[in-house]
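Visitor: Turn this into a model:
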Amino acid sequence: MQLKFTNTTRSAFFATVRQRVDGYFKERSLSTHANMAMWIKAGFFLGGYLLLYTLILSNQYGPWTMLAMAVGLGAFAAFIGFNVSHDALHGAFSSQGWVNRLLGSSFYLLGANPYVWKITHNVVHHTYTNIPGHDEDIEIAPGLIRVDVDEPVRSWQRFQHWYAFALYCLASLSWVFRKDYHKFFKQQIGQHDNSTHPQRQYIMLFATKAVYYFFFLVLPYLVLDISWWQVLIGFILMHLVEGLILGLVFQLAHVVEGTSFPVPTEGVGIEEAWAIHQLRTTANFAPRSAVAAFFCGGLNRQIEHHLFPKICHIHYPAITAIVKRTAHDFDLPYLENSSFFSAIHSHYRLLKKLGRRADVSAA
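Guide: Numbering: from 1, shown residues only. Okay, here's the model as predicted:
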């Protein structure tokens, strides 16, 4: 069904919070884009990634040391995705489009395609957050993980709170070898018409994938004094680490206790404003943790990100109080888990609850 948001209560929440956030930047004469601290952080993650890759290819270390560096490389890839690619692909890193495009290309370092990501994430996920049948980001592993109460139940989902975390490890491997191709050639994503793409993007999809496979599978085999199966183990372990970090952080923002998965009303859609919908479907975690803010690229403050995706995440700590206060002023929910581990526990409990319902239905 075609879906639209209808502000039936005539809420002025979004206009008010936007005015207050705009006022914060104007009063301090601040840009909403990256500051020096953001550039330093981007340099740290990009530099760390390139350093680890160079050290591995130097062939100066033993297999176990190279394996440990492959683990670090997977972690740095995920952190580049959070801290550099994500902001740039939203146009939040710089006021200059070419800078955002250049830094957005860092997404290729993850083995992922930025063009496909902008469609599935920027357009679809950010518009239709947590709406079954529209937001495909909540289709974590169809048939294996159940987060939609209207989804057909399967008996094995009673164990999903255990095996889900193992499946998250496969997220980036799926991205590299399957997901980008599948999404690119899918005719429709939610209600977004995905049937046509610029010719250049067909070339970019296959060319950049081939380059990635060469630099991370072929070249290591050619230059390192290890066998093909050792190269493969390092590649897989790198992506298992990358996938686990990516999978966990994304799930903790939308699939935890308290977040809703609204079903559109036939012929009406969602009977509330888009911004209020974001508050009901999104949660923060570890909002007072400087460590989480540094490594997660502001994704621990997803509420602020979903309301203001074009503001660089380096500013989220400053505007969090404004958004939270405004939500309370309008008697609206503001969901947050105090720590990373409390968010994981909440995610675990929700999966267990939904799995238990599947267990009861299958009995």
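
Visitor: Neighbours of D87, how many?
Guide: As a burial measure, D87 scores 28 neighbours (other C-beta atoms under 10 Å). (C-beta placed from N, C-alpha, C; glycine too.)

Visitor: Quick check: chain neighbours aside, which residue is closest to it?
Guide: F93 (4.4 Å; C-beta to C-beta, 6 or more residues apart in numbering).

Visitor: cool, Y168 as well?
Guide: G247 (2.9 Å).

Visitor: got the contact list for the one you found?
Guide: Residues near G247 by C-beta atoms under 8 Å, 6 or more residues apart in numbering: I140, L167, Y168, C169, A171.

Visitor: Specify the local secondary structure of the residue nearest to D87.
Guide: Assigned state for F93: coil (three-state reduction, DSSP: H, G, I helix; E, B strand; the rest coil).

Visitor: I'd like to know how far it sits from A290.
Guide: 21 Å (C-beta to C-beta, to the nearest Å).

Visitor: Who has more neighbours out of the two?
Guide: Ranked by neighbour count (other C-beta under 10 Å), F93 and A290 place F93 first, with 27 against 9.

Visitor: pretty sure that one is in contact with S85, am I right?
Guide: No - taking contacts as C-beta atoms under 8 Å, F93 lies outside contact range of S85: 9.3 Å.

Visitor: any shared contact partners between the two?
Guide: Residues touching both F93 and S85 (C-beta under 8 Å, 6+ apart): L103.

Visitor: Quick one: the strands in the protein, in order.
Guide: With strands called from DSSP state E, the chain shows them at 188-189, 192-193, 283-285, 335-337.

Visitor: Could you list the paired strands of the first one along with their orientation?
Guide: On the basis of DSSP bridges, the sheet neighbours of strand 188-189 come out as strand 192-193 (antiparallel).

Visitor: ok, residues contacting stretch 215-228?
Guide: Where contact means C-beta under 8 Å, 6+ apart, the residues beyond stretch 215-228 that reach it are I56, L57, N59, P63, M66, G111, V231, L232, G234, F235, M238.

Visitor: end-to-end on that stretch?
Guide: One end of stretch 215-228 sits 14 Å from the other (C-alpha to C-alpha, to the nearest Å).

Visitor: Against E272, how distant is the closest residue to E242 other than its chain neighbours?
Guide: Leaving aside its sequence neighbours, E242 sits nearest to G74 (C-beta to C-beta, 6+ apart; 3.9 Å). With distances taken as C-beta to C-beta, G74 is found 40 Å from E272.

Visitor: More neighbours: the two, which one.
Guide: Neighbour comparison, G74 and E272: the larger count goes to G74, with 27 against 19 (by other C-beta under 10 Å).

Visitor: which residues does the more buried one contact?
Guide: S172, L237, M238, H239, L240, V241, E242, I245.

Visitor: Select only the buried ones of these in ChimeraX?
Guide: Applying 16 or more other C-beta atoms under 10 Å to the contacts of G74 leaves a buried subset, and the ChimeraX line that selects it is:
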select :172,237,238,239,240,241,242,245
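
Visitor: So which of the contacts of G74 belong to helices?
Guide: In this view, these that belong to helices under DSSP state H are S172, L237, M238, H239, L240, V241, E242, I245.

Visitor: What is the most widely separated pair among the contacts of G74?
Guide: The largest separation in the contacts of G74, counting by C-beta to C-beta, is between L237 and I245 at 13.1 Å.

Visitor: Can you list the low-confidence ranges for the stretch 51-200 of the chain?
Guide: The stretch 51-200 of the chain contains no residues with pLDDT under 70.

Visitor: try it again with 80
Guide: For the stretch 51-200 of the chain, the stretches with pLDDT under 80 are 137-143, 148-152, 190.

Visitor: related to what we said a few turns ago, ranking by neighbours, what's the top pick from the contacts of G247?
Guide: Highest neighbour count within the contacts of G247, by other C-beta under 10 Å: A171, with 24 neighbours.

Visitor: ok so, going back, wait, which of the contacts of stretch 215-228 is closest to P333?
Guide: G111 (36.4 Å).

Visitor: ok, the residue lying closest to Y128 once chain neighbours are set aside - contacts?
Guide: Leaving aside its chain neighbours, Y128 sits nearest to H134 (3.8 Å; criterion: C-beta to C-beta, 6+ apart). For H134, the contact set (C-beta under 8 Å, 6+ apart) comprises L3, V124, Y128, G190, Q191, P264.

Visitor: one more time with 7 Å, if that's ok
Guide: By C-beta atoms under 7 Å, 6 or more residues apart in numbering, the contact list for H134 reads L3, Y128, G190, Q191.
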